[in-house]
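> when you get a sec, could you give me coordinates for this:
(2 chains)
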Amino acid sequence: GAVVSQHPSWVICKSGTSVKIECRSLDFQATTMFWYRQFPKQSLMLMATSNEGSKATYEQGVEKDKFLINHASLTLSTLTVTSAHPEDSSFYICSAQQGSGNQPQHFGDGTRLSIL
Amino acid sequence: DAKTTQPTSMDCAEGRAANLPCNHSTISGNEYVYWYRQIHSQGPQYIIHGLKNNETNEMASLIITEDRKSSTLILPHATLRDTAVYYCIVRQGGSEKLVFGKGTKLTVNP
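Prediction:
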């Protein structure tokens, strides 16, 4: 149980294009979904928290107009990196949590984004 | 900043128990201790979490000291596939956020 699917797993695109990443909870309803970014040899950094039907809450230093998050249903959240540039190249990982409080977050397998 | 301290790296022989320590001396009364691991180029995998009692599941055991200032994750019979970075995280009270530190890189050797 508690499977989170992330798609695509790997994407390469040209500078200036927008890239959408999907995160789905396959066997549970996710009240809250989270988006993280991980640069090489570094730990995960939380970018934003989203609750179904609400606007996402972004961490300090994360541009909300560049990283658009949509959480339209209890099983799907999307992250769109708009006008991506080489410095946006990173490993993007989502997680989903059922209910609130101390329920564990379950993570997807990540999306490796490379901007040329 | 992460509220935990873990050794940077550890080694363990295959088939032996792996005991991963974590210090969280500033933990508050309502904060849980979570353990995740991340195998290279994958998303983190949830292992176990606890408040004050010891916990066990099919993956591992979590031993929390009585004063809750430290804990140990135990993998009873380590395999090569347990090689990963293990993160001990104290979840901020009243928040759903997980703040990842640098973790412990566990290498299981044949």
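> ok, A:G16 - contacts?
A:G16 is in contact with A:83-85, counting by Cβ atoms under 8 Å, 6 or more residues apart in numbering or on different chains. (Each C-beta comes from the backbone N, C-alpha and C, glycine too.)
> only the buried subset of those residues, as a PyMOL command please.
Listed next is the PyMOL selection for buried residues among the contacts of A:G16, using 16 or more other Cβ atoms under 10 Å in any protein chain shown:
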select buried, chain A and resi 84
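> check the contacts of A:G16 against chain B, which are close?
Taking Cβ under 8 Å from any Cβ of the partner chain as the test, chain B is in contact with none of the contacts of A:G16.
> now the contacts of A:G16 in a markdown table, with pLDDT?
Listed next are the contacts of A:G16 as a markdown table, based on pLDDT from 0 to 100:
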| residue | pLDDT |
| --- | --- |
| A:S83 | 96 |
| A:A84 | 95 |
| A:H85 | 95 |
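> any chance of JSON lines for the contacts of A:G16, columns secondary structure and distance to B:H49?
Shown next, in JSON lines, are these (DSSP: H, G, I helix; E, B strand; the rest coil; distance: Cβ to Cβ, whole Å):
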{"residue": "A:S83", "secondary structure": "coil", "distance to B:H49": "39"}
{"residue": "A:A84", "secondary structure": "coil", "distance to B:H49": "35"}
{"residue": "A:H85", "secondary structure": "coil", "distance to B:H49": "38"}
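> quick one: pLDDT of the residue in chain B that chain A sits nearest to?
Using Cβ to the nearest Cβ, the closest approach of chain B to chain A is made by B:G43 at 3.7 Å. B:G43 is assigned 96 on the pLDDT scale.
> quick one, what contacts it?
For B:G43, the contact set (Cβ under 8 Å, 6+ apart) comprises A:4, A:6, A:93-95, A:107-110.
> run a quick neighbour tally on B:T26.
Using other Cβ atoms under 10 Å in any protein chain shown, B:T26 is surrounded by 10 other residues.
> can you pull the phi/psi pair for A:L26?
Here is the backbone geometry of A:L26 (degrees, to the nearest 10): phi -90, psi -30.
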